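Enquirer: sequence and predicted structure, then a few things I'm wondering about:
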Amino acid sequence: MAKKAQKKPATEKSVATPAAPAKEEKKTVAEKAEETAVKVAAKVEAAVEKAEKQAEKVATKAEEKVAEVVKKVEKKIAPTADKIKKKKTSKAKKPTKSDKVTVGEAVKKVADAVEKAVDTVAKAAEKVAKKAEESKVAEKAAAVVNAAEAKVDKPAEAKVEKPAAPAEKKYKKKVLFVAAEALPYVKTGGLGDVAAALPKALIKEDYDVRVVLPLYFNIPDKFRTTMQYLGCCYVSLAWRYQYCGVFTQKYDGVTYYFIDNEYYFKRNGIYGHYDDAERFAFFSKAVLEALPIMDFTPDIIHCHDWHTGLTPVYLDVYYRNSPYCKSARTVFTIHNIQFQGKYGADICDDILGLPADKKSLVLYQNCVNYMKGAIECSNKVTTVSPTYAEEILNSYFSFGLQDILGARKYKLSGIINGIDVETNDPATDKALFKNYTKDTVADKAANKKGLQQMLNLDQNPDVPVIGMVTRLTEQKGMELIANVFEAILSKGVQMVVLGSGDWKYESLLKDMQKRFPDKLRAVLGFSGDLASKIYAGADIFLMPSKFEPCGLSQMISMRYGTIPVVRETGGLKDTVVPYNGATGEGTGFTFYSYNAHDMLYAIERAVGLYYDYKDDWKKLVQNAMSQDFSWNNICKQYIALYENL
């Protein structure tokens, strides 16, 4: 009791009350906070003797007082503290100007007072815990301390900011791909790969992308039998009035639509029919006519190659008032300018049914040209590589379209194709004799041995194998190979060729295989399984194209660690970096002129590096396998194109 008597004056001094005030006055925030803190400390000290009951009261009182102060500060009512209603009647002198404090000072004093109170509470809680070990007093006292400490920081935050409004989600445009082929339904060339892989990549970027194809007879039954019928309409084509059925199916996350008309599409083969002009004019117009059945309103209609070249034309001539496509913008991609859809001028009336004042959209050099119509009417025209976009402005590469392309050059740009890195992956490809990665590339040797054994070639791991997976045509450089075929085979190599095409080149391969049975294997036709084995089992991949809009084989070969030898044209130039022996940089070997001996020299450089500089060759393989040709990166260029329309 004596100790308490000694402490009491000190306590009273810290909260001394002025004598005989004239009337009750309102206190400042700082004074009230100090008084509250002392009272809290006094009550906690008393709780030492009254154990659990008093400790609970102290805890409750402390939490209420701290919460009250924090709440008032956060609401910025400190400057108007004179409005705070007194909870206890007390007398004080009228505050002078010197007694007034700013909000920041008041906050600081409150924080200091509360911190002192917390310290007092902590000390008292320790005493309570000692006297009530088995009770809940200790837990509650600790809870008071934690709660008080958590509240101390809040008064220091004088500025209360409003929570930021959630960012508005950017609108992603809806895109309709119009193509004559797409995997996995039907494919004859690179177009089939692009029309499948690019939509899948765009969907990963949250774009709503859909693809529309003709419902060919060649589409496998496993797909046809699971398609859903949506409805039908009729398409006018000059004097014709043709049925158009619409089916749909989802594959790999992409929605596909199929235009059905058995008269046009229930045939063996996709291209090369006598009435292709009529078949693809119908398809190009049916796509627009069927949009209400699809219940899809595209922002972008992206057409591919001449087979769909009339879609932008029909859109501008007949469908700009349709609510489903009146504001649609169009993109046309040239995959191979050699094939343009050229027909006699008479089909303007008999098949296309264009008004007289619109015939000029498709007429070019005294004939109807579907590709010219697309170039004329599309908002943007792209090619499948930047170099090819430059080349087709030259008459050597343009196949007669240099004039219209020069006049519409402002529309033209090039975006390199990508490859499906999931399908073309040596780590998972089931066709390989042994899977491998960049880190386990030594296992590639097992695929070389397996390929040699499969094709009955000498299983010599030291002899470089040159592979080709190609169409046997002049465009693919077969003319160059024919001129120096014997010289190539005399360089201490083995050669494997897979493909079909012109009769004269097929005959050449058969004859050369008879003459060099221990060096050459030619497999006429196509096999996806054997193609993968060649990509993995060969050491060098030969692709000496006369022109190449993009090319996919050189990218696939690099992914499999097979070094390409290519001519510097189109996409080959854009994807293969010439090897530099001084720096070790590069991914393959190239030559510029369309000349057989320039090609032969490039092959000699590749074979020489393979034989004489093994470490450099291994580094070159690592360079090639490190390249990223995935659609995930390339599709961003298309996104930029779409967003600028």
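Expert: Nice, thanks for sending it over.

Enquirer: ok, and what's touching stretch 309-320?
Expert: Contacts of stretch 309-320 from elsewhere in the structure, counted by Cβ atoms under 8 Å, 6 or more residues apart in numbering, are 178, 280-281, 284-285, 287-288, 301, 303, 325-326, 328, 330, 332, 341, 352, 354-355, 358, 361-362, 370-374, 376-378. Every C-beta, even on glycine, is put in place using the N, C-alpha and C of the backbone.

Enquirer: now, which of those residues lie within helices?
Expert: 280-281, 284-285, 287-288, 370-374, 376-377 (DSSP state H).

Enquirer: now, of those, which are buried?
Expert: Buried subset of these (neighbour count, 16 or more other Cβ atoms under 10 Å): 280-281, 284-285, 287-288, 370-374, 376-377.

Enquirer: and of the residues you listed, the nearest to residue 494?
Expert: Proximity of those to residue 494, judged by Cβ to Cβ, is greatest for residue 371, which lies at 41.3 Å.

Enquirer: would you agree the closest one is in contact with residue 306?
Expert: Yes - in terms of Cβ atoms under 8 Å, residue 371 counts as a neighbour of residue 306; the distance is 4.5 Å.

Enquirer: overlap in contacts, the two.
Expert: In terms of Cβ under 8 Å, 6+ apart, residue 371 and residue 306 are both contacted by the residues 340, 341.

Enquirer: what are the boundaries of the strands in the stretch 451-600 of the chain?
Expert: In the stretch 451-600 of the chain, the segments counted as strands under DSSP state E, counting those that start in this stretch are 465-472, 494-501, 520-524, 540-543, 563-567, 589-591.

Enquirer: could you point out which of these sits nearest residue 395?
Expert: strand 563-567 (19.0 Å).

Enquirer: pull up the pairing partners for the closest one, direction included.
Expert: Each strand that pairs with strand 563-567, with its direction, by DSSP bridges: strand 540-543 (parallel), strand 589-591 (parallel).

Enquirer: what about that strand, average pLDDT?
Expert: Model confidence over strand 563-567, given as mean pLDDT, is 97.

Enquirer: tell me the angle that strand makes with strand 465-472.
Expert: Direction vectors for strand 563-567 and strand 465-472, defined by axes from the mean of the first three to the mean of the last three Cα atoms, to 10 degrees, enclose an angle of 40 degrees.

Enquirer: which ones are touching residue 533?
Expert: Remark: with contacts taken as Cβ under 8 Å, 6+ apart, residue 533 is in contact with 431, 432, 433, 447, 450, 451, 454.

Enquirer: what subset of those residues is buried?
Expert: In terms of neighbour count (16+ other Cβ under 10 Å), the buried residues within the contacts of residue 533 are 431, 432, 433, 447, 450, 451.

Enquirer: thinking again about what came up before, which one of the ones in helices among the contacts of stretch 309-320 sits closest to residue 210?
Expert: residue 287 (11.0 Å).

Enquirer: go ahead and confirm that closest one touches residue 212.
Expert: Yes - at 5.3 Å, residue 287 and residue 212 qualify as touching, with contact defined as Cβ under 8 Å.

Enquirer: between those two, which contacts overlap?
Expert: Listed contacts common to residue 287 and residue 212 are 176, 178, 259; contacts here mean Cβ under 8 Å, 6+ apart.

Enquirer: inside strands: which ones of those residues?
Expert: With DSSP state E as the criterion, strands contain 176, 178, 259 from among these.

Enquirer: turn the residues you listed into JSON lines, columns for neighbour count.
Expert: JSON lines is the format used below for these (neighbours: other Cβ atoms under 10 Å):
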{"residue": "176", "neighbour count": "27"}
{"residue": "178", "neighbour count": "28"}
{"residue": "259", "neighbour count": "24"}
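
Enquirer: nearest to residue 514 among the buried ones among the contacts of residue 533?
Expert: Using Cβ to Cβ, residue 451 is the member of these that sits closest to residue 514, with 20.7 Å.

Enquirer: list the contacts of the closest one.
Expert: Each residue near residue 451 by Cβ under 8 Å, 6+ apart is listed here: 433, 457, 465, 496, 533, 534, 536, 537, 538.

Enquirer: now intersect these with the helices, please.
Expert: Taking DSSP H as the definition of helices, the contacts of residue 451 contribute 533, 534, 536, 537.

Enquirer: now render the residues you listed as TSV, adding distance to residue 501.
Expert: Putting the ones in helices among the contacts of residue 451 into TSV (distance: Cβ to Cβ, whole Å) gives the following:
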residue	distance to residue 501
533	21
534	17
536	24
537	22
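
Enquirer: adding pLDDT and distance to residue 502, write the ones in helices among the contacts of stretch 309-320 out as a markdown table.
Expert: Converted to a markdown table, those look like this (pLDDT from 0 to 100; distance: Cβ to Cβ, whole Å):
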| residue | pLDDT | distance to residue 502 |
| --- | --- | --- |
| 280 | 97 | 25 |
| 281 | 97 | 29 |
| 284 | 97 | 30 |
| 285 | 97 | 34 |
| 287 | 97 | 34 |
| 288 | 97 | 38 |
| 370 | 97 | 25 |
| 371 | 97 | 24 |
| 372 | 96 | 27 |
| 373 | 96 | 30 |
| 374 | 96 | 28 |
| 376 | 95 | 33 |
| 377 | 96 | 35 |
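
Enquirer: between those, which sits nearest residue 265?
Expert: When the ones in helices among the contacts of stretch 309-320 are compared for distance to residue 265 (Cβ to Cβ), residue 280 comes out closest, at 10.5 Å.

Enquirer: isn't that closest one up against residue 368?
Expert: No - applying Cβ under 8 Å as the test, residue 280 and residue 368 come out as separate, 11.9 Å apart.

Enquirer: so what sits against both of those two?
Expert: Common neighbours of residue 280 and residue 368 (criterion: Cβ under 8 Å, 6+ apart): residue 341.

Enquirer: which of the contacts of residue 533 lies closest to residue 241?
Expert: For these, with residue 241 as the reference and Cβ to Cβ as the criterion, the closest is residue 431, at 48.0 Å.

Enquirer: and that closest one, what does it touch?
Expert: The neighbourhood of residue 431, defined by Cβ under 8 Å, 6+ apart, consists of 528, 529, 532, 533.

Enquirer: go with 10 Å
Expert: Applying Cβ atoms under 10 Å, 6 or more residues apart in numbering, we find residue 431 in contact with 447, 527, 528, 529, 530, 531, 532, 533, 534, 535, 536.

Enquirer: what's the mean pLDDT across stretch 350-364?
Expert: Mean predicted lDDT for stretch 350-364 stands at 94.

Enquirer: first-to-last residue distance for that stretch?
Expert: Criterion Cα to Cα, to the nearest Å; first-to-last residue distance in stretch 350-364 is 18 Å.

Enquirer: any idea which element the closest residue to residue 573 other than its chain neighbours lies in?
Expert: Counting by Cβ to Cβ, 6 or more residues apart in numbering, residue 387 is the residue found nearest to residue 573 once chain neighbours are left out, at 4.8 Å. With elements delineated by DSSP states H and E, residue 387 resides in helix 386-391, which encompasses its position.
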